[in-house]
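Visitor: below: sequence and its predicted model.
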Amino acid sequence: MLEFPRWKVILIVLTAFLGVLLAVPNFLTDEQIENLPYFMPKSQITLGLDLQGGAHFLLEVDASGVISNMLLDKGQTIRDDLRDENILHRYRVVGENVVFTLTNPQDRETALRIIRLSIVKVGVSLSSIGTDDITIEDGSGAIINVAYTEEAILEKKIQSVQQSIEVLRRRIDGTGTKEPTIQQNGPERILIQLPGIEDTETFKRIFEETAQMNFHLTNLAVSQEDIFRGRTPPRTTIYPSVEKDEAGNPLQQYAIRDEVMVSGEDLTNASFSMDQNNQPAVNITFNAKGGKQFADATRTNIGKPFAIILDGEVISAPRINTAILGGSAIITGSFTVEEANNLAMLLRAGALPAPLDMVEERTVGPDLGADSVEAGKIASILGLAAVMVFIVLCYGFFGIVANVGLTINIFMIFGILSMFGATLTLPGIAGIVLTVGMAVDANVLIFERIREEMRHGKNVLAAIDAGYSRAFGTIIDANVTTLIAALILFQFGSGPVKGFAVTLAAGIFTSVFTAVSLSRLFIVTWARKRRPAKLTL
Amino acid sequence: MLLKLVPEDTNIPFVNARKMAYVLSTLMIIASIGLYFTKGLNFGIDFKGGFLIEAHTEQAADLAELRSITGNLGLGEVSLQTFGEDNQILIRIEFQEEQSLVEVVDLVQKTLDTEYSDTVSFQRTEAVGPKVSGELIESGVLSVLLAVGAVLFYIWIRFEWQFGLGAVIALVHDVILTIGMFSLTQLEFNLSIIAAILTIVGYSLNDTVVVYDRTRENLRKYRKKEMPDLINLTLNETLARTVMTSVTTLLALMALFYFGGEVIHGFTAAMIWGIFVGTYSSIFIASPALLWFEMRREDSDQSVEGQEVLPPQYR
């Protein structure tokens, strides 16, 4: 193990240098980082909420209401159709089924035919779900069960979670919060982290509020000049457009009638589509009630524009080209693909689809975070110093080499964490300090082995060689087992514990590298140059 | 050298003391299990669900006065304790079905503002619902079991099954004693303690694997040596390293324990205990445990090549 081909030397030195370089941005101010040349790494370690203060929420999407609404809506549509055909029946929602009980069992065949047609006609509110997602259970006699398949319900739940995330993101962005984390956590949960936020009340309201989204008719009698002056007739309000110019002023103002044409609650879906001219458009679908209102409103207002208003801003003001009767409409305009997609998202994101339950909530004040950072710093420096002194006392010159390795090791841990944009938590700092203690282990294994080999009468170079080669296998085995524990921690841990697992794992790699490659390179280079007859170890 | 913790050529008959170690360990395990079932663990809100408020007061906190105020909040059992310094307090409140964290925090803050003689400012607030806490327990237990299983598998593949079993016995021993320590001291048992236990698992194994590695090497080197002598030799050969690594790790942990802040106190306490237990178990439990199982040395001699740890270029 004394041979170091040139390429290996270059590789080892380069790796160590790169690791240290990656850590550099953490020690610079923002301004200094700005001024770094373009090839320099710039990413820093993010501090966890426990270190910088902030709020952490875990919300559970309660989709049961969505599912039962979906069933109820379906039930109503079918009921209307059965009524039109004079088939007497009762219906109710039982669990995840809509159960129709026919008054005359002999109507069964006709009823089944109508139900099938009804399902096909209305389509299902989810764009991605076809009619196959509804099953009609041929019960017996007078009873007919209509239900969504498990897949359809699951899809609806997933959609509810994703939709909730979109809504929450839009709302949180609206508050100007910096660097919020909003992500799915498990099948039906949403994790939200807001660094630096102390006043959680605002956010709690945000999580509970269902946004107001409604369809209104515009008041064409009001001129642009009146709008500019703010003069409006009764029951008309001026709303700004959601698009803003660079100065933050709305691009356009609209005079909108206060009367709600269709409530946003009755919108069941919005998706990107193409109109008959192959132009990007947005397809919207209403439930039975909304569809009917929309049909009535459009029939009497052909040629006039209507406006979609979300949280006091006009998202879009399309013109009614024709009466729309089927419960679904297409909004055309000179959209780009991106704009159409965006509008569909906004429409879908309009209201929270389901109530959110708060299942976990943590806030840390910024002072406490700063205290923790300070305590972590002091503990790390003292721990490191104690270990270093001890190592030098025990191994002399070799100890100094080990300490150089240890220092580079710590920089490299910071480098790796920065590279992956990992989050440093207080347990993460503990992980680093612990790594310091354990990183020495590889060196100890090697040095003790070298001592042993010398006791057995080997000369210096042979003892160093044997020490490194014999200890190598042990080092690998010992570190792989710790790595297993770290990986499992990462998989099952949450929040700060994950941060600990990340630093522990990073520390394992860097400490093996520094002990087996870097300090070996130092010691071998030294031993070959000096050719010491005796080792003080 | 200036400092040599373990003199050269020690010859401590560790294996001869194994019966005593077995008795000691068995007693400690029984005590731990007994404590667990009688005293139980002081579960933090991660595992129990509920609310936690860390606050500090200007002067030293008057716990008696605070207790009487918080006792009348109508929030069920409220527990109070100082945390690190005497003007730092931890308030624990049972999970409230009807109230959110903000409402609970608000209520406590307002009540303390009007009724307590000193200014109280809240530093940290947490709420964990019962559903989440149940899942956290589940994943905590699962992760410890998985870690032990994965390690058994790894050692079985790298060594032989006897080593794997010995290591796992030592691990289970360490985990039980750590839980026992938490039951005895009533230190808060929370998510970070699970992390500590898994790290102890990693550390104890690290120790055990180093000794086993040498045991295997010596098994090949000294084919005629009796097993107890061989294990003694191995333990003595690796003793310097075992002590050195324990000391450096302890030094780092002591710094964390005394200067790292109150939040990770439990974590470092668990780790410090774990270093002692892990070191003890790899010397007195894991290695002597190899005596319980028949080592087929002839077989392992034949398959020396296949089991060599080192890649050929390092042999």
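Guide: Looks like it came in fine. Numbering: from 1, shown residues only, chains lettered A, B, ... in the order given.

Visitor: tell me where the model's unsure across the chain.
Guide: Defaulting to chain A. Residues of chain A that meet the criterion pLDDT under 70 lie in A:1, A:120-133, A:137-140, A:174-176, A:205, A:208-212, A:311, A:345-346, A:348-351, A:495-496.

Visitor: think we crossed wires, I meant chain B
Guide: By pLDDT under 70, the weakly predicted segments of chain B are B:1-2, B:296-315.

Visitor: so what are the domain limits for it?
Guide: B:15-41+B:133-302, B:50-128 (automatic domain parsing).

Visitor: just give me the residue right at the centre of chain A.
Guide: What sits nearest the mean C-alpha location of chain A, by C-alpha atoms, centre = their mean, is residue A:183, with 2.5 Å.

Visitor: residues from the stretch 101-250 of chain A in reach of chain B?
Guide: A:200, A:201, A:204 (C-beta under 8 Å from any C-beta of the partner chain). No exception for glycine: its C-beta is placed from N, CA and C like everyone else's.

Visitor: do that again at 10 Å, thanks
Guide: Counting by C-beta under 10 Å from any C-beta of the partner chain, the residues of the stretch 101-250 of chain A lying close to chain B are A:186, A:189, A:198, A:199, A:200, A:201, A:203, A:204, A:205, A:208.

Visitor: just the buried residues from those residues, in PyMOL please.
Guide: Selecting only the buried entries of these in PyMOL, with 16 or more other C-beta atoms under 10 Å in any protein chain shown as the criterion:
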select buried, chain A and resi 189+198+200+203+204
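
Visitor: one step back: list the beta-bridge partners for the residue nearest to the centre of chain A.
Guide: residue A:191 (DSSP bridges).

Visitor: surely it is in contact with residue A:59?
Guide: No - checked against C-beta atoms under 10 Å, the pair residue A:183 and residue A:59 is beyond contact range at 11.3 Å.

Visitor: before we move on, the earlier item: looking at the residues of the stretch 101-250 of chain A next to chain B, which is nearest residue B:261?
Guide: residue A:198 (19.6 Å; C-beta to C-beta).

Visitor: what count of nearby residues applies to the closest residue to that closest one other than its chain neighbours?
Guide: Computed as C-beta to C-beta, 6 or more residues apart in numbering or on different chains, the closest residue to residue A:198 that is not its neighbour in sequence is residue A:365, at 6.2 Å. For residue A:365, the neighbour count with other C-beta atoms under 10 Å in any protein chain shown is 19.

Visitor: repeat for residue A:293
Guide: 17.

Visitor: that one and residue A:312, how far apart?
Guide: 22 Å (C-beta to C-beta, to the nearest Å).

Visitor: could you say which helix or strand holds the closest residue to residue A:134 other than its chain neighbours?
Guide: Of all residues not flanking residue A:134 in the chain, residue A:119 sits nearest, at 5.3 Å (C-beta to C-beta, 6+ apart). Using DSSP states H and E, residue A:119 falls within helix A:108-122.

Visitor: can I get that helix as CSV, trimmed to CA atoms?
Guide: Extracted as CSV, the C-alpha positions of helix A:108-122 are listed here (Å, rounded to 0.1, in the frame of the first residue of the first chain):
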residue,chain,number,x,y,z
ARG,A,108,-85.4,-2.4,-13.6
GLU,A,109,-84.3,-2.9,-17.2
THR,A,110,-85.4,0.6,-18.2
ALA,A,111,-83.8,2.1,-15.1
LEU,A,112,-80.4,0.3,-15.8
ARG,A,113,-80.5,1.6,-19.4
ILE,A,114,-81.2,5.1,-18.3
ILE,A,115,-78.5,5.0,-15.6
ARG,A,116,-75.9,3.8,-18.1
LEU,A,117,-76.8,6.5,-20.5
SER,A,118,-76.8,9.1,-17.8
ILE,A,119,-73.2,8.1,-16.8
VAL,A,120,-72.1,8.4,-20.3
LYS,A,121,-73.9,11.6,-21.0
VAL,A,122,-72.5,13.6,-18.1
